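**Student:** structure for the following, please:
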Amino acid sequence: MGGVAANRSNGLRNVRDRLINPTIPDREIVMIPRTWDADTLVRSIPWLRRENRNNRNIFCRPKGEHNLSMIDDLSSTAVRDLKKDGFEPALVVETSPQNFQVWLKHEKPLPAELSTAVAKALAARFGGDTGAADWRHFGRLAGFTIPLTPISRNPQSPFS
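**Tutor:** The predicted structure is shown next:
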(Lines give C-alpha, C1' and ligand atoms only; values in the text may rest on other atoms or scores of the structure.)
Protein backbone atom coordinates (compact mmCIF):
# COMPACT_ATOMS: atom_id res chain seq x y z
CA MET A 1 0.00 0.00 0.00
CA GLY A 2 1.97 2.93 1.18
CA GLY A 3 2.43 5.40 3.95
CA VAL A 4 -0.18 6.98 6.11
CA ALA A 5 0.76 9.84 8.35
CA ALA A 6 -0.95 11.90 10.96
CA ASN A 7 0.20 15.23 12.20
CA ARG A 8 -1.48 17.44 14.71
CA SER A 9 -2.20 20.90 13.40
CA ASN A 10 -2.51 22.33 16.90
CA GLY A 11 -2.01 20.78 20.33
CA LEU A 12 0.10 17.85 21.51
CA ARG A 13 2.16 15.41 19.44
CA ASN A 14 3.78 12.03 19.98
CA VAL A 15 7.58 11.96 19.88
CA ARG A 16 9.66 9.07 21.24
CA ASP A 17 6.54 7.61 22.89
CA ARG A 18 5.82 10.70 24.96
CA LEU A 19 3.62 13.70 24.41
CA ILE A 20 5.17 17.13 24.26
CA ASN A 21 3.69 20.55 23.64
CA PRO A 22 4.66 21.92 20.18
CA THR A 23 4.13 25.50 21.35
CA ILE A 24 7.29 25.28 23.45
CA PRO A 25 10.12 27.09 21.61
CA ASP A 26 12.33 24.89 19.39
CA ARG A 27 9.56 22.26 19.05
CA GLU A 28 8.15 21.55 15.61
CA ILE A 29 4.93 19.81 14.72
CA VAL A 30 5.90 16.50 13.13
CA MET A 31 4.24 13.80 11.09
CA ILE A 32 3.97 10.31 12.52
CA PRO A 33 4.51 8.16 9.41
CA ARG A 34 3.43 4.53 9.26
CA THR A 35 3.81 2.03 6.43
CA TRP A 36 0.80 -0.24 6.06
CA ASP A 37 -0.59 -2.74 3.59
CA ALA A 38 -4.20 -2.34 2.41
CA ASP A 39 -5.63 -4.66 5.09
CA THR A 40 -3.87 -2.81 7.90
CA LEU A 41 -5.12 0.51 6.54
CA VAL A 42 -8.72 -0.72 6.50
CA ARG A 43 -8.40 -2.14 10.03
CA SER A 44 -6.87 1.18 11.18
CA ILE A 45 -9.72 3.40 10.02
CA PRO A 46 -11.26 3.63 13.53
CA TRP A 47 -7.87 4.71 14.93
CA LEU A 48 -7.37 7.20 12.07
CA ARG A 49 -10.85 8.65 12.68
CA ARG A 50 -10.02 9.04 16.39
CA GLU A 51 -6.73 10.76 15.55
CA ASN A 52 -8.58 13.02 13.10
CA ARG A 53 -11.14 13.95 15.79
CA ASN A 54 -8.16 14.83 18.00
CA ASN A 55 -7.13 17.50 15.51
CA ARG A 56 -4.69 15.48 13.39
CA ASN A 57 -4.44 15.77 9.62
CA ILE A 58 -4.53 12.40 7.84
CA PHE A 59 -2.28 12.07 4.79
CA CYS A 60 -1.29 9.16 2.55
CA ARG A 61 1.05 8.25 -0.29
CA PRO A 62 2.22 5.07 -2.03
CA LYS A 63 5.27 3.28 -0.67
CA GLY A 64 8.51 3.49 -2.66
CA GLU A 65 8.67 4.20 -6.38
CA HIS A 66 5.16 3.94 -7.78
CA ASN A 67 2.91 4.57 -10.75
CA LEU A 68 0.98 7.59 -9.42
CA SER A 69 1.42 11.35 -9.69
CA MET A 70 -0.39 13.70 -7.33
CA ILE A 71 -1.25 17.22 -8.46
CA ASP A 72 -2.24 19.55 -5.62
CA ASP A 73 -4.27 22.75 -5.51
CA LEU A 74 -6.25 22.34 -8.72
CA SER A 75 -9.44 24.26 -9.41
CA SER A 76 -12.56 22.51 -10.70
CA THR A 77 -11.84 24.11 -14.10
CA ALA A 78 -8.33 22.63 -14.07
CA VAL A 79 -9.72 19.18 -13.23
CA ARG A 80 -12.16 19.52 -16.14
CA ASP A 81 -9.33 20.66 -18.46
CA LEU A 82 -7.15 17.77 -17.33
CA LYS A 83 -9.92 15.31 -18.27
CA LYS A 84 -10.59 17.14 -21.54
CA ASP A 85 -6.90 16.73 -22.42
CA GLY A 86 -7.19 12.96 -22.04
CA PHE A 87 -6.06 12.41 -18.45
CA GLU A 88 -8.30 10.16 -16.38
CA PRO A 89 -7.75 10.68 -12.65
CA ALA A 90 -7.52 7.58 -10.47
CA LEU A 91 -8.75 9.72 -7.55
CA VAL A 92 -9.94 13.29 -7.06
CA VAL A 93 -10.07 14.63 -3.49
CA GLU A 94 -11.77 17.97 -2.78
CA THR A 95 -9.65 19.41 0.02
CA SER A 96 -11.63 22.65 0.35
CA PRO A 97 -14.43 24.20 -1.71
CA GLN A 98 -13.38 24.06 -5.37
CA ASN A 99 -9.80 23.03 -4.49
CA PHE A 100 -8.66 19.53 -5.43
CA GLN A 101 -5.84 17.00 -5.25
CA VAL A 102 -5.77 14.71 -8.29
CA TRP A 103 -3.95 11.37 -8.46
CA LEU A 104 -3.08 10.11 -11.96
CA LYS A 105 -2.12 6.51 -12.57
CA HIS A 106 0.66 5.72 -15.04
CA GLU A 107 1.06 2.50 -16.98
CA LYS A 108 4.07 1.46 -14.91
CA PRO A 109 6.04 2.65 -11.87
CA LEU A 110 8.26 5.62 -12.58
CA PRO A 111 11.76 6.15 -11.18
CA ALA A 112 11.76 8.81 -8.46
CA GLU A 113 13.37 11.58 -10.55
CA LEU A 114 11.06 10.99 -13.51
CA SER A 115 8.01 10.81 -11.24
CA THR A 116 8.89 14.18 -9.73
CA ALA A 117 9.51 15.71 -13.17
CA VAL A 118 6.14 14.40 -14.42
CA ALA A 119 4.33 15.73 -11.34
CA LYS A 120 5.97 19.17 -11.71
CA ALA A 121 5.15 19.34 -15.43
CA LEU A 122 1.52 18.37 -14.83
CA ALA A 123 1.19 20.87 -11.96
CA ALA A 124 2.65 23.66 -14.11
CA ARG A 125 0.45 22.73 -17.11
CA PHE A 126 -2.79 22.71 -15.13
CA GLY A 127 -2.08 25.46 -12.58
CA GLY A 128 -1.36 23.25 -9.56
CA ASP A 129 1.18 23.71 -6.80
CA THR A 130 4.60 22.89 -8.31
CA GLY A 131 6.10 23.03 -4.79
CA ALA A 132 3.96 20.04 -3.79
CA ALA A 133 4.83 18.14 -6.97
CA ASP A 134 7.20 15.43 -5.83
CA TRP A 135 7.18 11.65 -6.14
CA ARG A 136 7.01 11.21 -2.37
CA HIS A 137 4.56 14.00 -1.52
CA PHE A 138 1.67 13.12 0.78
CA GLY A 139 -1.93 13.80 -0.20
CA ARG A 140 -4.98 13.97 2.03
CA LEU A 141 -6.71 10.68 2.70
CA ALA A 142 -10.26 11.01 1.40
CA GLY A 143 -13.04 10.96 3.97
CA PHE A 144 -11.21 12.71 6.80
CA THR A 145 -11.63 16.25 8.04
CA ILE A 146 -9.09 19.01 7.82
CA PRO A 147 -8.66 20.19 11.41
CA LEU A 148 -9.66 23.77 11.97
CA THR A 149 -6.97 25.91 13.51
CA PRO A 150 -7.43 29.23 15.29
CA ILE A 151 -5.66 30.89 12.34
CA SER A 152 -7.75 29.41 9.51
CA ARG A 153 -11.26 28.55 10.58
CA ASN A 154 -13.50 27.64 7.66
CA PRO A 155 -16.34 25.46 8.97
CA GLN A 156 -17.70 25.12 5.42
CA SER A 157 -14.70 23.13 4.24
CA PRO A 158 -13.62 20.67 6.91
CA PHE A 159 -13.62 17.57 4.72
CA SER A 160 -11.25 16.05 2.24
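
**Student:** state the phi and psi torsions of residue 75.
**Tutor:** Phi and psi for residue 75, reported as degrees, to the nearest 10, are phi -80, psi 170.

**Student:** from residue 129, how far out is it?
**Tutor:** Counting by C-beta to C-beta, to the nearest Å, the gap from residue 75 to residue 129 is 12 Å. For glycine as for every other residue, the C-beta is placed from the backbone atoms N, C-alpha and C.

**Student:** residue 93 now?
**Tutor:** 14 Å.

**Student:** mind listing what's buried in stretch 134-149?
**Tutor:** Neighbour counts over stretch 134-149 (16 or more other C-beta atoms under 10 Å) mark 134, 135, 137, 138, 139, 140, 141, 142, 144, 145, 146, 147 as buried.

**Student:** the second one contacts residue 63, correct?
**Tutor:** So the one you mean is residue 135. No: using C-beta atoms under 8 Å, residue 135 is not in contact with residue 63, being 11.6 Å away.

**Student:** contacts for the lengthiest helix in the chain?
**Tutor:** Using DSSP state H, we find that the single longest helix of the chain is helix 112-126. Contacts to helix 112-126, defined as C-beta atoms under 8 Å, 6 or more residues apart in numbering, come from residues 65-66, 69-72, 74, 78, 81-82, 87, 104, 106, 110, 128-130, 132-137.

**Student:** about what we covered before: who has more neighbours, residue 93 and residue 129?
**Tutor:** Shown here are residue 93 and residue 129; by other C-beta atoms under 10 Å, residue 93 has more neighbours (21 against 15).

**Student:** so that one, which of the three states?
**Tutor:** Following DSSP: H, G, I helix; E, B strand; the rest coil, we place residue 93 in the strand state.

**Student:** contact partners for it?
**Tutor:** 100, 101, 102, 103, 139, 140, 142, 160.
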